[in-house]
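Student: model the structure of this input:
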Amino acid sequence: MRHRAVSLGAVSVAGVRPALLASALVLLTTLGLFVISDIIPSSLIPLVYMLPVVLAAIQWGRVAGLVAAFTGAAAADFFFYPPLYSFWLESRQDTIHLLVYLLVSVITSNLAARLKNEVATSRRRANEIAELHAFSQGLATCLTSSDLILAAQDYLSNTLGFRAVLLTAAPDERGNAEGTAVPEQIKREAAKIIAANARQGSLIIEPLIHRAWLIKAIVPEILGYGAIAIELGSGSGPLIEAVGKHVEEMIEEAAVTLKHLKTKEAIEQATINYQSEILRDALIGGISHELRSPLASILGSCSVLNKMPAVQRDCDSHALIEAIHDQATRLDNNIRDLLDASRISANGVQPQFMWTDPTDIVASAVKQKERRLASHRVVLDLERDASLVHVDTVLVEQALGQLLENAAKYSPAGTEIKVSSFCGPAYLDISVTDCGSGLTAEEKSALGKRCYRGERHAAAAGSGLGLWIASAFIAANRGTLFAESQGPNRGTTMTVRLPSVSEDTPTFKEASND
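Tutor: Here you go, the predicted structure:
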């Protein structure tokens, strides 16, 4: 209430001052007429009093012009028309002169005041257009979304002369764009306005200090900022309306620029993705040819050397060739893991589905890891009448091979590794159980993350990509991969669960009979 009283007092003072100035102009004109009254006819006196009317109306507005008109008529009647120093008029002609003067004065003051308002409006609009044009030019130089935010806030602060702050819907998520303090009441009101998607601005008066804030919602939001809070101090109604208009124009310009920035960023991102795809393909092709081809030759040479009688009789040579073969195989597996990881990260995995016997998948995976599993007892416990599964055989074999690789890596030599399958009503499970180091609760929760290595296994060989790749391959086949363990050093069971099949899906026996 105090804020409003101050505003009304300011308005009353502003209204009295032009009237006093207009009366002073009439007084000066009257003094001038006393000097020249002997040389001009009385019929021209009303014409002279038109001068303060026009000046007052142009300078201070319609009210000042009307005050000058009536004050001038009273002064002419009192000082220059007989009987002098009286408001009575002897001549009918003098009465007509004064009435015509009043009529013309009222019309002239109205026209002059209107002309003044039109000029002021034109100038103000020209300034607004110039400021908005400068703001548009500033937006044109914005290269990022952060530049857009800074340009918008700079425009509001410099153009309006008030502190402007961009606010988010949730005050606790991040700070405002300016980084300065904003009262909690203003933040709460801004959150309400954003939630209500209000189009109109809201004027909030802070208690105790009676400071006014104008809050305007940004629709649609710009980079997560949903409202603008502008500190007005002791703002009046016309000022609030003008500020709101500036804010609306700023929001429209910023929204258009944001669309352009988003389009530009999308084009740049598409270009980067395309170039990355080309580089990725070139890298994968280079690695496949330049690294895996020599490794294939090394592995083939080791196999041939191992079959030579002289090498078989020489234990040292045989052991050396076996070590070369094992390390080359390990390197080949690591390169394959990197290639698989690159393929998964780029465009995901595109499986080629076909009907397959799960027993064949298990047999192929065990065959691939035969050398790695040589120091363990492998036990197969598979369902004999398992239904065929509709999967990408290669991907599932690689995933199962990763599980066998891990089971052999983290289990002591000579222990048992069991591969089993189970047909549920809506799924098929293939499990790999070892007698190794097991899993802690923390390791179990983080299992399958990219490049994750538990602290207990930090010194173990490998890149930590195996289970992540296996999980991605199984997910591409609409399946899941999960782990079970009784705790550290109590073994681990890794289970591949493939999706359910319909009742009319043929079993292996039915497919063979067909």
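Student: what sits opposite Ile417 in the beta ladder?
Tutor: Val378 (DSSP bridges).
Student: do I have it right that it meets Leu404?
Tutor: Yes: using CB atoms under 8 Å, Ile417 is in contact with Leu404, at 7.1 Å. Any C-beta I mention is one placed from the backbone N, CA and C, and that applies to glycine too.
Student: any common contacting residues for these two?
Tutor: 373, 432 (CB atoms under 8 Å, 6 or more residues apart in numbering).
Student: show me what contacts Ala407?
Tutor: 376, 417, 432-434, 436, 492, 494.
Student: JSON lines please, covering these and showing neighbour count, secondary structure and pLDDT.
Tutor: Shown next, in JSON lines, are these (neighbours: other CB atoms under 10 Å; DSSP: H, G, I helix; E, B strand; the rest coil; pLDDT from 0 to 100):
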{"residue": "His376", "neighbour count": "20", "secondary structure": "coil", "pLDDT": "90"}
{"residue": "Ile417", "neighbour count": "23", "secondary structure": "strand", "pLDDT": "93"}
{"residue": "Val432", "neighbour count": "24", "secondary structure": "strand", "pLDDT": "93"}
{"residue": "Thr433", "neighbour count": "21", "secondary structure": "strand", "pLDDT": "93"}
{"residue": "Asp434", "neighbour count": "25", "secondary structure": "coil", "pLDDT": "92"}
{"residue": "Gly436", "neighbour count": "21", "secondary structure": "coil", "pLDDT": "86"}
{"residue": "Thr492", "neighbour count": "24", "secondary structure": "strand", "pLDDT": "90"}
{"residue": "Met494", "neighbour count": "25", "secondary structure": "strand", "pLDDT": "91"}
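Student: closest to Thr30 out of these?
Tutor: Met494 (108.6 Å; CB to CB).
Student: now do the contacts for that closest one.
Tutor: 403, 406-407, 431-433, 481-483.
Student: with Ala475 instead?
Tutor: Contact partners of Ala475, counting by CB under 8 Å, 6+ apart, are Leu481.
Student: just give me how far the helix or strand encompassing it sits from the chain centre.
Tutor: Applying DSSP states H and E as the criterion places Ala475 in helix 466-476. Distance of helix 466-476 from the chain centroid (CA atoms, centre = their mean, to the nearest Å) equals 31 Å.
Student: C-terminal to it, what's the next element?
Tutor: Taking DSSP H and E, what comes next after helix 466-476 is strand 480-485.
Student: mean confidence for that next one?
Tutor: Per-region confidence: strand 480-485 scores 88 on mean pLDDT.
Student: list the buried ones in that strand?
Tutor: 481-483, 485 (16 or more other CB atoms under 10 Å).
Student: of the residues you listed, which is the nearest to Leu299?
Tutor: When the buried residues of strand 480-485 are compared for distance to Leu299 (CB to CB), Leu481 wins out at 28.8 Å.
Student: buried residues, the helix or strand encompassing Val48. List them.
Tutor: Element membership for Val48 (DSSP H and E) is helix 45-60. Residues 45-46, 48-60 are the ones in helix 45-60 that count as buried (16+ other CB under 10 Å).
Student: against which helices or strands is that helix packed?
Tutor: Secondary structure elements in contact with helix 45-60, counted by 3 or more CB pairs under 8 Å, 6 or more residues apart in numbering; DSSP states H and E, are helix 2-36, helix 62-80, helix 92-140.
Student: so that helix versus helix 92-140, what angle?
Tutor: Counting by axes from the mean of the first three to the mean of the last three CA atoms, to 10 degrees, helix 45-60 lies at 20 degrees to helix 92-140.
Student: how far off centre is the helix or strand Leu403 falls within?
Tutor: Assigned by DSSP H and E, Leu403 belongs to helix 393-409. How far helix 393-409 lies from its chain's middle: 41 Å, per CA atoms, centre = their mean.
Student: what mean pLDDT does that helix have?
Tutor: 88.
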